[in-house]
Structures are given as C-alpha cells and as structure tokens.
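Trainee: Predicted model, plus sequence, below.
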Amino acid sequence: MTEDPARGRYFAMVFVQMIAVAGAVFGLVILGRTEDMWLRILGAAILISGLYCIAVVPRAMARRWRTPPTE
C-alpha cells in the first residue's frame, strides 16, 4: 500500500510551523531576559523572522504543491 503524498506534505507544513513557533518563542525569551542592547536586537530579529515563517512559509509550500488544474 502506497502512502498518499498529501499526508507527508501536510506533516512537513506542520513541522515547519512548529519549528517557526519554537524560534519565535526563543526570540521572545532572549528579548525578555537580556539587558544588552545587541542581544535585544538579535532577539527581536529572531522573533520577527519566526512570525514571518509562521505566516508565509506553509502557505508558500501549499501553493507550490497545489495540484495543477486539469484542462
């Protein structure tokens, strides 16, 4: 029995979202715990990139894997 490729793609998108959430939380922890300005900037950059990955990357993956329209 062969596995449906949609199932693997779905799990890949969920995995990317979970990693992005973990990165955003890590950036938030850095941002909240440090006193150094450069580390705060790094934490903010990690937080923003994590939020961007949560919003954009899974949608881009789904668009790339979309079934082409039949003519």
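Mentor: Yep, that arrived.
Trainee: CA atoms for contacts and neighbours, from now on please.
Mentor: Will do.
Trainee: Just the buried residues of whatever helix or strand Phe15 lives in, please?
Mentor: Assigned by DSSP states H and E, Phe15 belongs to helix 5-33. Across helix 5-33, burial judged by 16 or more other Cα atoms under 10 Å covers 13, 16-17, 20-21, 23-28, 30-31.
Trainee: Distance from the chain centre to that helix, please.
Mentor: 5 Å (Cα atoms, centre = their mean, to the nearest Å).
Trainee: relative orientation of the helix or strand following it and helix 5-33 in degrees?
Mentor: Next along the chain after helix 5-33, taking DSSP H and E as the criterion, comes helix 37-64. Between helix 37-64 and helix 5-33, the angle comes out at 170 degrees (axes from the mean of the first three to the mean of the last three Cα atoms, to 10 degrees).
Trainee: Helix 37-64 packs against which elements?
Mentor: Secondary-structure packing of helix 37-64 (3 or more Cα pairs under 8 Å, 6 or more residues apart in numbering; DSSP states H and E): helix 5-33.
Trainee: What average pLDDT does the helix it packs on get?
Mentor: Mean pLDDT, computed over helix 5-33, is 94.
Trainee: same for it, what does it pack against?
Mentor: helix 37-64.
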